[in-house]
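Peer 1: Okay, sequence plus prediction incoming.
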Amino acid sequence: MAYQVAGYSVMAKTYHWIVAILVLIMVPMGLVMTDLGPGALQNTLYFYHKSIGILLFLLVVLRLLQHWITPAPPPPASLAPVLRIVSRSVHGLLYLVLIANPILGWIGLSLYGAPMPFFGLFDLPSIVPQNRPASESVLDFHATVGVVFAWLITLHILGALYHWLIAKDGIIERMTTAPYQKPKE
């Protein structure tokens, strides 16, 4: 290995991969469930979409708190400035969507008057008064943000593949095999 990279902490890697798996379930589910006709399958997909959305929101909040306590390793000096900007932008937008879109879903469902279940354990309370016409606009926006999210995920995966297969610069190892090293202050 000609490069030396510092990896993310074990907790950061754990959060990343759990969130990645849930997102790769959640986004296609969200795209499919709205195209289905009413029935048991659509109801099941909505139930799990809502529940996983709540779980993702909680995991991302915990991940951000963990990131504040255990900072990310610095990018390698060999990383081009433009790639640093692209990386920060895509990561920032991913986190923004991971925080904002579940809140939009919660607002939309509250406006609609629909329950917001968490795996059958409890329902989140409504946070705004019911207003079905407004719910359509908010839930449409939630869906649009979900499509944008799918494109951001695609960019993120393509970037990872570029670093792994083409650049071979150790970036992918930061979130897989490289050991954590506390950043120097």
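Peer 2: Yep, that arrived. Numbers count the residues shown, from 1 in each chain.
Peer 1: Going by residue numbers, what spans are helices in this protein?
Peer 2: Secondary structure of the chain (DSSP state H): helices at 10-33, 40-69, 81-112, 132-161, 171-174.
Peer 1: how close does the nearest residue to Tyr48 once chain neighbours are set aside get to Gln42?
Peer 2: For Tyr48, ignoring the flanking residues on the chain, the nearest one in space by CB to CB, 6 or more residues apart in numbering is Met29 at 6.6 Å. All C-beta atoms are positioned from the backbone trio N, CA, C, and that covers glycine. Using CB to CB, to the nearest Å, we find Met29 at a distance of 11 Å from Gln42.
Peer 1: Check Glu173 too.
Peer 2: For Glu173, the distance to Gln42 - CB to CB - is 41 Å.
Peer 1: Those two: which is more packed in?
Peer 2: More crowded of Glu173 and Gln42, by other CB atoms under 10 Å: Glu173, with 18 against 15.
Peer 1: contacting residues for Leu56?
Peer 2: Residues in contact with Leu56 (CB atoms under 8 Å, 6 or more residues apart in numbering) are Val19, Leu22, Val23, Met26, Leu98, Pro102.
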